[in-house]
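Undergrad: Would you be able to build a 3D model of this:
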Amino acid sequence: LVMNPPYDNLKLNISEFKSSICENDFQEIKRRREEEINFFKKSGHYKLSNWGMLNYYRLMLERALNITSPKSRLGFIIPSTFLCDKSALKLRKEILLRYKVDGIYDFLERAKIFQDANQAVCIVLLDKSSKGETIPVASNLTDIKELYAARPTMIPLKMIKEIFPDDLAIPKITRDEWAILKKIHQNPSLREVPWIRIYRGEVDLTIYKDCLSKANTGYKLIRGDHITRYRLVWVPSKGENFVSRNSFLKKLGNSEKAEHTNVIRIAGQQVSNMMQRWRLKFCLIQPRNFLANSCNYLIITPNKGEMIDSLRLYILALLNSCLLNWRFKLTSTNNHINNYELGALPIKLINHQDRREAALFNLIIKRVREILQEERTVDIDPQVESAIFHLYKLAPEEVKIILKSEGIDQRSIESIMEYFFYLRGIR
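TA: Residues are numbered from 1 along each chain as shown. I've put the predicted structure just below:
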């Protein structure tokens with residue numbers, strides 16, 4: 001079976017339709033589309049693809065798997081987001097765990113596989129007659145002609161399970177990058193660290209609109225676009241810039257988020273365009289500030305006796321690092337910074353009995369404190385980046401792969417590598 005299913009979401013784009021058809025026609029299209037959605041959700045034939053925002057390609061792919069014989073072979077061209085997107089999770093697991101994938105050939109958007117569409121797509125070849133232990137993946141192809149000469153990287157299914165146990169994501173990376181990924185994921189994920197908790201900003205700008213104020217109440221409203229790497233750039237807008245604390249906390253009730261406004265938090269943007277170089281941007285938020293739901297934030301609650309200030313600065317450095325920015329982008333398929341994605345990031349926990357690890361940790365803390373006192377915006381800091389690369393035990397060539405992949409300029413790469421080699425002498 002060979003297929004090229006439509007890629008449309010079933011949810012209507014109202015503005016797009018209303019610009020080209022009259023109101024009555026739109027209402028009729030909307031009614032029919034709602035009937036379709038109701039059918040797909042209740043028919044019982046689409047258990048793997050009927051959650052999240054429904055998309056025709058996932059529905060048709062699941063149907064194809066159901067109606068073809070156990071010995072059939074399938075080839076289909078679908079959006080590349082299938083490889084990592086959460087909405088395709090169930091379908092992806094079904095394919096990887098039950099069948100043999102003979103090849104995945106991923107094309108960049110600029111390959112223009114379809115003449116009139118800018119869409120990153122992948123060709124997937126599937127054999128239903130057996131199960132596979134490796135997944136052949138050829139990534140970042142730029143022309144259909146490259147398909148014939150492509151040499152796929154053989155990715156062990158076992159490694160995908162180890163690195164991405166929850167969603168079996170298949171990031172579009174090289175063989176060397178897979179090795180780096182495997183190395184850094186020997187560390188626990190952020191969600192597994194007991195003294196870190198992740199939340200969405202407490203102020204829903206729609207639900208709590210009547211708690212917002214244009215007058216200075218003494219309690220600033222922090223929005224996502226106020227946050228940069230290491231620095232909060234709060235610029236009043238024409239709208240509401242402050243929160244009426246008492247009325248808001250009354251509405252928030254017994255939520256644990258009420259107490260969070262009294263402590264220092266690490267906050268980041270909840271929306272960050274995929275085309276930006278730095279997807280992850282975090283800074284410290286002092287008490288008496290309120291975070292809009294365009295922000296995510298972390299609360300650090302270490303065991304008694306641990307230095308909370310130092311741990312907070314260390315996690316801030318990791319979240320702003322080139323390494324974790326690279327890791328995040330591997331599996332991000334949209335402009336949102338979801339908490340489950342942050343929770344999957346590998347976090348190096350420091351063994352303070354190890355003199356070398358303790359020394360690198362202290363170097364990072366000292367430098368971050370200096371950065372926070374500087375007035376300039378920080379792009380990349382060689383000392384912090386080099387120390388983090390050492391903590392994650394990356395080799396020099398692996399460091400260069402990350403830096404080049406992240407588009408770091410040559411002068412900064414040389415500066416980072418110089419300091420990286422200097423830190424080899426720390427004991």
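Undergrad: Low-confidence stretches in the chain?
TA: 13-24, 304-306 (pLDDT under 70).
Undergrad: What residues does the most centrally placed residue in it make contact with?
TA: The centroid of the chain falls nearest to residue 332 when counting by CA atoms, centre = their mean (3.9 Å). For residue 332, the contact set (CB atoms under 8 Å, 6 or more residues apart in numbering) comprises 84, 274, 279, 341. Yep, even glycine has a C-beta here, placed from its N, CA and C like the rest.
Undergrad: just so I have it, where are all the strands in the stretch 1-150 of the chain?
TA: 2-3, 73-79, 100-107, 121-127, 134-141 (DSSP state E, counting those that start in this stretch).
Undergrad: Could you dump these into CSV and include distance to residue 286 and mean neighbour count?
TA: Converted to CSV, the strands of the stretch 1-150 of the chain look like this (distance: least, CB to CB, whole Å; neighbours: other CB atoms under 10 Å):
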stretch, distance to residue 286, mean neighbour count
strand 2-3, 55, 11
strand 73-79, 42, 18
strand 100-107, 44, 20
strand 121-127, 45, 20
strand 134-141, 42, 20
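Undergrad: For residue 234, which of those strands is the nearest?
TA: If you check each of the strands of the stretch 1-150 of the chain against residue 234 by CB to CB, strand 73-79 wins as the nearest, at 38.0 Å.
Undergrad: thinking again about what came up before, nearest to residue 267, of the strands of the stretch 1-150 of the chain?
TA: Taking the strands of the stretch 1-150 of the chain one by one with CB to CB, strand 73-79 is closest: 31.8 Å.
Undergrad: What is that closest one packed up against?
TA: strand 2-3, helix 56-67, strand 121-127 (3 or more CB pairs under 8 Å, 6 or more residues apart in numbering; DSSP states H and E).
Undergrad: how about those in a markdown table, adding distance to residue 380?
TA: Shown next, in a markdown table, are those (distance: least, CB to CB, whole Å):
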| stretch | distance to residue 380 |
| --- | --- |
| strand 2-3 | 45 |
| helix 56-67 | 39 |
| strand 121-127 | 32 |
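Undergrad: Compare the ones you listed and give me the one nearest residue 195.
TA: helix 56-67 (38.1 Å).
Undergrad: Please put the alpha-carbon coordinates of that closest one into PDB.
TA: Listed next in PDB are the C-alpha coordinates belonging to helix 56-67 (Å, rounded to 0.1, in the frame of the first residue of the first chain):
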ATOM      1  CA  TYR A  56      -6.500  13.400   8.500                       C
ATOM      2  CA  TYR A  57      -3.100  11.900   7.900                       C
ATOM      3  CA  ARG A  58      -3.000  10.200  11.300                       C
ATOM      4  CA  LEU A  59      -6.600   8.900  10.900                       C
ATOM      5  CA  MET A  60      -5.900   7.500   7.500                       C
ATOM      6  CA  LEU A  61      -2.600   5.900   8.600                       C
ATOM      7  CA  GLU A  62      -4.300   4.100  11.500                       C
ATOM      8  CA  ARG A  63      -7.100   2.900   9.200                       C
ATOM      9  CA  ALA A  64      -4.500   1.600   6.700                       C
ATOM     10  CA  LEU A  65      -2.800  -0.300   9.500                       C
ATOM     11  CA  ASN A  66      -6.100  -1.900  10.400                       C
ATOM     12  CA  ILE A  67      -7.400  -2.900   7.000                       C
END
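Undergrad: What residues of it count as buried?
TA: Going by neighbour count (16 or more other CB atoms under 10 Å), the buried part of helix 56-67 is 56, 57, 58, 59, 60, 61, 62, 63, 64, 65.
Undergrad: quick check, nearest of those residues to residue 186?
TA: Closest approach between these and residue 186, by CB to CB: residue 58, at 33.0 Å.
Undergrad: how about the helices and strands packed on strand 73-79, which one is nearest residue 319?
TA: Closest among the helices and strands packed on strand 73-79, using CB to CB: strand 121-127, at 29.9 Å.
Undergrad: distance between the closest one and the chain's centre?
TA: Taking CA atoms, centre = their mean, to the nearest Å, one finds the center of strand 121-127 at 24 Å from the center of the full chain.
Undergrad: so what strands line up beside it?
TA: Pairing partners of strand 121-127, with direction, according to DSSP bridges: strand 73-79 (antiparallel), strand 100-107 (antiparallel).
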